[in-house]
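Trainee: Need coordinates for the following:
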Amino acid sequence: MTPAKMVKKSKPAKATPKTKPATKAKSPVASKASAAPTTTPAATPASQGLVRLLEDDGTISKGKDPNLPKDTLLYLYEQMVQVREFDRRMLMLQRQGRIGFYGPILGQEAATVGSVAAMEKRDWVFPALREGAAAMMRGLSLTEAINQLIGNGADRCKGRQMPCHYTLKEGNYYGMSSVIGTQISHAVGAAMAARLRGDDVVILGFLGDGATSANDFHCGMNFAAVYQSPCILFCQNNQWAISVPISKQSASETLAQKGKAYGMPYVRVDGNDVLAVYSVTKAAVERARSGGGPTFIEAVTYRRLGHSSSDDPTKYRDEAEVKAWEKKDPVDRFRAYLTKKGLWNETKEVAFKESIAQRVNDAIAAAEKNGPPADESLVTDVYAQVTPQLKEQLSEVLALEGRSVNQGAFPL
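Mentor: Here you go, the predicted model:
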């Protein structure tokens, strides 16, 4: 059975009579997985219960290949490799003091790229904390992304947002927030607004495993299911909410099965398999657009680096666990698949990586030419018209310090 059919056949769970014990989930899109350890995630990635198309070596079973167009396959690979190189370079810039903060995506490229690629341009993306690649896929240039990381004068947020918190209204990409789970309610509400307006757009709302412990998750899931909001709530279960393992976030066997409690279809997918992620998300999009309501997707993946450039994961997790997940690398797996199909080879790989490295280098050079935000940006955008009081306060600050506001402010 294909992922698309699996999603379409899902039905809201019926209430269990009070006189009988609760039954196990029978939904065709849900299945059991190994019970979570008491303190840390499993040392080796569990595959039981996952929708999976690609094996670890890039092979695919007969009849499982979604046979996506060549252009789509190469686009998926390009985006995954680009964000990996971008991550590598931005982390280097942070260590050099050229940007203040960065949150890497290493290990989660397939979950982000595969899900966003399954949406149409008219659909909206509501990111959590690790979906910067989605903004780039929606039109945010590398230079604009680095402008935001620096917080310079060309930054569309004027240096006011924390680094890695992109916004791209024209790309239907909602501004990112560090407040855990708030975007869930926003995504569900936006989808409901679209439905009331008769607009057939679909909303893709991201969340992490830690967000399933937030009130917004429960409110958003319940509202979406009751009102059949045309959205997809996509949980990137990367096993760690900063230093808190998934075993301390939930006693459920899977996060996916939480969809059953709220009465919506749910899928558990191998988040390191870009073809599986794309397929289940595409099916959920079609279902939502046709009036079938929301879907909850749990993408089982892994954050291989720290939560951010300020985090040291060696303090709370075993390196053997990281090594085990490296063998499940989403980029390597997909490259092997493309090679077996005759769409990729080592010569193309070398030239492609050089091209992407040059793109990033050019973007860094362009962004670092921009100066700091104008001093006046401290008081603009607070009111429609800058008040006399704010103008007076800015003048006093500039006079008191005897220099521009931005002088010597960064690097730290």
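
Trainee: quick one: residue 287 from residue 225, how far?
Mentor: Counting by CB to CB, to the nearest Å, the separation of residue 287 from residue 225 is 13 Å. To be clear about C-beta, it is placed using only N, CA and C from the backbone, and glycine gets the same treatment.

Trainee: and for those two, which residues touch both?
Mentor: Common neighbours of residue 287 and residue 225 (criterion: CB atoms under 8 Å, 6 or more residues apart in numbering): residue 293.

Trainee: which residues does residue 268 bridge with?
Mentor: Counting by DSSP bridges, residue 268 forms beta bridges with residue 298.

Trainee: Would you mind measuring from it to residue 216?
Mentor: 21 Å.

Trainee: Can you give me the pLDDT of the spatially most central residue of the chain?
Mentor: Nearest to the mean C-alpha position of the chain, by CA atoms, centre = their mean, lies residue 131 at 3.4 Å. pLDDT, residue 131: 95.

Trainee: was I right about it contacting residue 112?
Mentor: Yes. Using CB atoms under 8 Å, residue 131 is in contact with residue 112, at 5.3 Å.

Trainee: list residues touching both of the two?
Mentor: Joint contacts of residue 131 and residue 112 (CB under 8 Å, 6+ apart) are residue 206.

Trainee: mind listing what the residue lying closest to residue 379 once chain neighbours are set aside touches?
Mentor: Closest residue in space to residue 379, ignoring its immediate chain neighbours: residue 390 at 4.1 Å, by CB to CB, 6 or more residues apart in numbering. Taking CB under 8 Å, 6+ apart, we find residue 390 in contact with 379, 382, 383.

Trainee: what about residue 205, which SS state?
Mentor: strand (DSSP: H, G, I helix; E, B strand; the rest coil).

Trainee: For ChimeraX, write a command that selects the buried ones of the contacts of residue 390.
Mentor: Here is the ChimeraX command that selects only those of these that count as buried (16 or more other CB atoms under 10 Å):
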select :379
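
Trainee: Check the gap between residue 384 and residue 231 for me.
Mentor: Counting by CB to CB, the gap from residue 384 to residue 231 is 32 Å.

Trainee: Next, residue 237: phi, psi?
Mentor: phi -80, psi 90 (degrees, to the nearest 10).

Trainee: what's the closest non-adjacent residue to it?
Mentor: Per CB to CB, 6+ apart, closest to residue 237 is residue 209, 4.3 Å.

Trainee: that older thread, how about the backbone phi and psi for the residue nearest to the centre of the chain?
Mentor: Torsion angles, degrees, to the nearest 10, at residue 131: phi -120, psi 40.

Trainee: Show me the protein divided up by domain.
Mentor: Using automatic domain parsing, the domain parsing of the chain gives 45-367, 374-412.

Trainee: Give me the nearest residue to residue 137, chain neighbours excluded.
Mentor: residue 116 (5.2 Å).

Trainee: again but with residue 178, I slipped
Mentor: residue 162 (6.2 Å).

Trainee: Now do the helices in the stretch 1-150 of the chain.
Mentor: 3-8, 70-95, 109-117, 132-137, 142-150 (DSSP state H, counting those that start in this stretch).

Trainee: lowest-confidence stretch among those helices?
Mentor: helix 3-8 (a mean of 43).
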